[in-house]
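1. Fold the following.
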Amino acid sequence: GVELRLYNGRRMPLADACVDALWAWDCLEHVRSPAAVMEEVARVLRPGGRFVAEVDIRDHFYADEARLLDNLGYPEAVWNLMTWNRSVYTNRLRMSDWSRLFDRCGLRV
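-> Numbers count the residues shown, from 1 in each chain. Purely as a prediction, here's the structure:
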C-alpha cells in the first residue's frame, strides 16, 4: 500500500492536500531551492498530515570533526562558484533557518 514517487524539486506530481505523510531523510540539505520544496510539502499534506525529516547541516565535504561546519564559512558567491558543478550540492541553511522555513510554510517542528 506504499507508493514511491520521485519529482524534480519544482512541483510534486500530486494534488493539493492529498498526502497523509511525507518522508525526507538526509536529503533536504542537498536541494538548491529549499523554500520551494517546503512550500510543496505544505501544499500536498492533508490537514493533520505528518512530514518526517532529518536535515544534516554538517559540511559533507569533510569527515574531520573540527571541520563539520566549514561550509558556513564561505560567502554565498564563493560557495556557489565552488559547488555549481558538483553532483552532491549542500545548501548552507542553519538549523534556525530551517525552523523559520518550516514555520513560514505552516509546518510545526
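
2. buried ones in stretch 43-52?
-> R43, V44, L45, G49, F51 (16 or more other Cβ atoms under 10 Å). C-beta coordinates here come from the backbone N, C-alpha and C atoms, glycine included.

3. in the protein, which spans are strands?
-> Using DSSP state E, the strands found in the chain span residues 19-25, 45-54.

4. residues of the shortest one that come out buried?
-> Pointing back at strand 19-25 there. V19, L22, A24.

5. so what's the residue lying closest to the second one once chain neighbours are set aside scoring on pLDDT?
-> It stands for L22. Leaving aside its sequence neighbours, L22 sits nearest to F51 (Cβ to Cβ, 6 or more residues apart in numbering; 4.9 Å). In this model, F51 is scored at 95, pLDDT.

6. Next one: F51 from V2, what distance?
-> 16 Å (Cβ to Cβ, to the nearest Å).

7. Help me confirm that E29 comes into contact with I57.
-> Yes - look at E29 against I57 with Cβ atoms under 8 Å: they come within range, at 6.2 Å.

8. Give me the common contacts of those two.
-> L93 (Cβ atoms under 8 Å, 6 or more residues apart in numbering).

9. by contact count, what packs against the least confident helix or strand in the chain by mean pLDDT?
-> Sorting the helices and strands of the chain by mean pLDDT, DSSP states H and E puts helix 76-83 at the bottom, at a mean of 82. The helices and strands touching helix 76-83, judged by 3 or more Cβ pairs under 8 Å, 6 or more residues apart in numbering; DSSP states H and E, number zero.

10. which residues sit against that helix?
-> N71, Y74, Y89, T90, R92.

11. So the last one sits against L69, correct?
-> No - R92 sits out of contact with L69 when judged by Cβ under 8 Å, with a separation of 9.4 Å.

12. neighbour-wise, which of these two wins?
-> R92 (16 against 13; other Cβ atoms under 10 Å).

13. neighbours around the residue lying closest to R5 once chain neighbours are set aside, how many?
-> With Cβ to Cβ, 6+ apart as the criterion, R5 has its nearest non-adjacent residue at 6.4 Å, and that residue is P13. When neighbours are defined as other Cβ under 10 Å, P13 has 9 of them.
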